[in-house]
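Trainee: need coordinates for the following:
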Amino acid sequence: MTPHENLESLRNLGPQSCRWLREVGIHTTSQLRQIGPIGAFQLVRRNSPRTSINLLWAIAAALADIDWRKLTADTKQQLRKDADLE
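Mentor: Residues are numbered from 1 along each chain as shown. Alright, predicted model coming up:
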């Protein structure tokens, strides 16, 4: 695995987030991109139901290579809707 394939290479994802992703079978940035932020969040949430929505923001922003605090309210609302959290 190349360094840029490590989940830790993505901004916004700390050790616990990476651990949760690995627990559900997501080990590389390519796998995370393939499943997308909604799919990854839903897998983690099924495994750990009390997972915060902040993980969804972190994953979406990580894949867009932006700080999670830069996600717009509209983007967050769409992510909530797509993840069936409304």
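Trainee: where does the chain have low pLDDT?
Mentor: Scanning the chain with the threshold set as pLDDT under 70 gives 1-4.
Trainee: now do the helices in it.
Mentor: Along the chain, the segments classed as helices by DSSP state H run 15-23, 29-47, 54-64, 73-82.
Trainee: need the ones you listed in CSV (columns: distance to Ser9 and mean neighbour count).
Mentor: (C-beta placed from N, C-alpha, C; glycine too.) Shown next, in CSV, are those (distance: least, C-beta to C-beta, whole Å; neighbours: other C-beta atoms under 10 Å):
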stretch, distance to Ser9, mean neighbour count
helix 15-23, 10, 15
helix 29-47, 7, 18
helix 54-64, 9, 21
helix 73-82, 22, 13
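Trainee: redo these as a markdown table? Include distance to Glu8.
Mentor: Formatted as a markdown table, the helices of the chain follow (distance: least, C-beta to C-beta, whole Å):
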| stretch | distance to Glu8 |
| --- | --- |
| helix 15-23 | 6 |
| helix 29-47 | 10 |
| helix 54-64 | 11 |
| helix 73-82 | 22 |
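Trainee: wait, which of the ones you listed is closest to Asn6?
Mentor: helix 29-47 (7.2 Å; C-beta to C-beta).
Trainee: dump the C-alpha coordinates for the closest one into PDB.
Mentor: Taking Å, rounded to 0.1, in the frame of the first residue of the first chain, the C-alpha atoms of helix 29-47 are listed here in PDB:
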ATOM      1  CA  THR A  29      -8.400   5.600   0.500                       C
ATOM      2  CA  SER A  30      -9.400   3.900  -2.800                       C
ATOM      3  CA  GLN A  31     -11.900   1.700  -1.000                       C
ATOM      4  CA  LEU A  32     -13.300   4.700   0.900                       C
ATOM      5  CA  ARG A  33     -13.700   6.600  -2.400                       C
ATOM      6  CA  GLN A  34     -15.400   3.600  -4.000                       C
ATOM      7  CA  ILE A  35     -18.000   3.200  -1.200                       C
ATOM      8  CA  GLY A  36     -18.400   6.900  -0.700                       C
ATOM      9  CA  PRO A  37     -19.100   8.900   2.500                       C
ATOM     10  CA  ILE A  38     -22.700   7.800   2.800                       C
ATOM     11  CA  GLY A  39     -21.900   4.100   2.400                       C
ATOM     12  CA  ALA A  40     -18.900   4.200   4.700                       C
ATOM     13  CA  PHE A  41     -20.800   6.100   7.400                       C
ATOM     14  CA  GLN A  42     -23.700   3.700   7.200                       C
ATOM     15  CA  LEU A  43     -21.400   0.700   7.600                       C
ATOM     16  CA  VAL A  44     -19.700   2.200  10.600                       C
ATOM     17  CA  ARG A  45     -23.100   3.200  12.100                       C
ATOM     18  CA  ARG A  46     -24.400  -0.300  11.800                       C
ATOM     19  CA  ASN A  47     -21.400  -1.600  13.600                       C
END
